[in-house]
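Enquirer: Sequence unavailable; structure follows:
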Ligand code: GRG
C-alpha cells in the first residue's frame, strides 16, 4: 500500500490519536482553506484543488503535537505555523506533478492534467507565497526557517534528478536527497510548533531532530513499499521508482551485494525498463537482503527519533511523538 493510503486509510498515526486531535484538525482545515482564498475565483479554485481532494495534513498535525508536549493546547498561531508548512508541501506537489507529468494525485486529476503545466507552476508558486506570508506574520525566525526549508526541498529534488538512471548513485546522495525533499519539512514543522509555542531552545532543537528523523523513516518506508507492495496496494505498478530511474535505498543496497543477482540488477538498471525488465528487477529486489537492510536503517531513524524525545515531559503529546515513527515502520515489518 502506498504510504498515502497506509496512513490515511488507517488514520492510525499516533499523531492523530490525541484527545485534542479532532479539534486541531478542524482548525487546520479551516486555516488551510482560508489561506488560499483570493479575489480571483479562478486562481482560488486552482489553488484549492488538492486541498479539497484530501491529504493527511501530517505536517501541521506534527506542529500542533510538538507544541503540546508540556500539556498546553496548541494556539491558533501554532496552527497557522503548521499550515505554512502544509502549503509548502502542497506547492511542492504541484511542481512535482508537472515534473513527473502525473495524471492523478489524492485520487483526483492533478492540477497540470486539469488546467495545464503553466497554471500548475504558477498556482504552486502562489501557495509558496501564501506560506511565506503566514510565516512572516509569525516572526523573522519562522520566516527565515521556512524560506530555508523551501531551499532544502529544491536541493533534495535536484540531488535526485542529478543521479537519475545512475547505478553508481551513492547512499550519501540518497540520504541528502530524502533529507531535503522530505525530512527537512517534517523537521521544520516540528520546530515551528516548538518556536511558536515558546518552548526553550533545547526542546526546540530536540523537536527538530525528532521531525527530521521522522521524515527519514517516512521516506525510507515509502521507498521500500514501492518495491515490496503489490500493484493493487500501490494503485500503480510496483517498481515505479526504478522505472523512473530513481534508485532508492532498497535498490542501492541490493546492487551493493556481491552476488550474481546484484550484478544482474545493475545490468538491468541504468536506463528505462520495459515491463519484463521491471518484473525481473522487482523479483531480484524482493528476494534479496536489500529490503531487510533498508528496514534496519529505517529502524535506526525510529530509534533516533525516540531518543530525541528523551528529555520531554511525560504527556500524551510526547507519547504520540515517540509512537509515531514506529507506526510508520510497522507498515513494512
Ligand atoms: C517548490 C517547494 C518547492 C519544491 C520544488 C518538486 C520539489 C522541488 C520537491 C518535491 C519533493 C517531493 C515530491 C517530496 C515527496 C514528499 C512526500 C513525502 C509526499 C507524500 O506526502 P504525504 O504522504 O501526502 O504526506 P499527502 O497527500 O497525505 O499530503
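Expert: Alright, I've got the coordinates. Note that the structure is a prediction, hence the values are computed from the model and not measured.
Enquirer: Which positions in this structure make contact with the ligand?
Expert: Counting by Cβ under 6 Å from any ligand atom, the residues of the chain lying close to the ligand are 3-4, 55-56, 58, 88, 91-92, 95-96, 99, 106, 128, 150, 153-154, 157, 181-182, 219. Heads up, the C-betas are built off the backbone N, CA and C, glycines and all.
Enquirer: among those residues, which are in helices?
Expert: With helices defined by DSSP state H, the entries of the residues of the chain next to the ligand inside them are 3-4, 58, 88, 91-92, 95-96, 99, 128, 150, 153-154, 157, 219.
Enquirer: nearest to residue 189, of the residues you listed?
Expert: Nearest to residue 189, judged by Cβ to Cβ, of those is residue 58 at 8.2 Å.
Enquirer: Give me the neighbour count for that closest one.
Expert: For residue 58, the neighbour count with other Cβ atoms under 10 Å is 26.
Enquirer: Need the per-residue pLDDT for it.
Expert: pLDDT for residue 58: 97.
Enquirer: Tell me how far it lies from residue 65.
Expert: 10 Å (Cβ to Cβ, to the nearest Å).
Enquirer: I'd like to know how many residues surround residue 129.
Expert: The number of residues packed near residue 129 is 12, by other Cβ under 10 Å.
Enquirer: Mind jotting down where the helices sit in the stretch 201-333 of the chain?
Expert: With helices called from DSSP state H, counting those that start in this stretch, the stretch 201-333 of the chain shows them at 201-228, 231-234, 240-243, 249-255, 260-268, 275-287, 290-308, 316-329.
Enquirer: Pick out the shakiest of those helices, pLDDT-wise.
Expert: helix 231-234 (a mean of 87).
Enquirer: Now do the buried residues in that one.
Expert: residue 234 (16 or more other Cβ atoms under 10 Å).
Enquirer: With stretch 121-132 instead?
Expert: By 16+ other Cβ under 10 Å, the buried positions in stretch 121-132 come out as 121-124, 126-128, 130-132.
Enquirer: Next: stretch 31-38.
Expert: For stretch 31-38, a neighbour-count test (16+ other Cβ under 10 Å) marks 31-32, 35-36 as buried.
Enquirer: just to revisit the earlier point, of the buried residues of stretch 121-132, which belong to helices?
Expert: 121-124, 126-128, 130-132.
Enquirer: Return the closest of those residues with respect to residue 114.
Expert: Here the nearest of these to residue 114, counting by Cβ to Cβ, is residue 123; it sits at 10.7 Å.
Enquirer: Number of residues surrounding the nearest residue to the closest one once chain neighbours are set aside?
Expert: Leaving out its chain neighbours, the residue that sits closest to residue 123 by Cβ to Cβ, 6 or more residues apart in numbering is residue 46, at 4.3 Å. Counted with other Cβ under 10 Å, residues neighbouring residue 46 total 24.
Enquirer: Then residue 203?
Expert: Residue 203 has 18 neighbouring residues, counting by other Cβ under 10 Å.
Enquirer: just residue 240 next, same as before
Expert: That count, for residue 240 with other Cβ under 10 Å as the rule, works out to 16.
Enquirer: coming back round to it: what sits in contact with each of residue 58 and residue 65?
Expert: By the contact definition Cβ atoms under 8 Å, 6 or more residues apart in numbering, residue 58 and residue 65 are jointly contacted by residue 15.
Enquirer: what's residue 192 in contact with, if anything?
Expert: By Cβ under 8 Å, 6+ apart, the neighbours of residue 192 are 63, 78, 81-82, 84-85, 135, 138, 142, 145-146.
Enquirer: As TSV, those residues with secondary structure and pLDDT would be great.
Expert: Shown next, in TSV, are these (DSSP: H, G, I helix; E, B strand; the rest coil; pLDDT from 0 to 100):
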residue	secondary structure	pLDDT
63	helix	98
78	helix	98
81	helix	98
82	helix	98
84	helix	98
85	helix	98
135	helix	98
138	coil	98
142	helix	98
145	helix	98
146	helix	98
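Enquirer: Adding neighbour count, write the residues you listed out as TSV.
Expert: Below are these laid out as TSV (neighbours: other Cβ atoms under 10 Å):
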residue	neighbour count
63	35
78	28
81	34
82	33
84	31
85	31
135	28
138	19
142	22
145	21
146	25
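Enquirer: Tell me who's in contact with the nearest residue to residue 111 once chain neighbours are set aside.
Expert: If the residues on either side of it in the chain are set aside, residue 111 comes closest to residue 120, at 4.2 Å by Cβ to Cβ, 6+ apart. Contacts of residue 120 were listed using Cβ under 8 Å, 6+ apart, and they are 46, 94-95, 97-98, 110-112.
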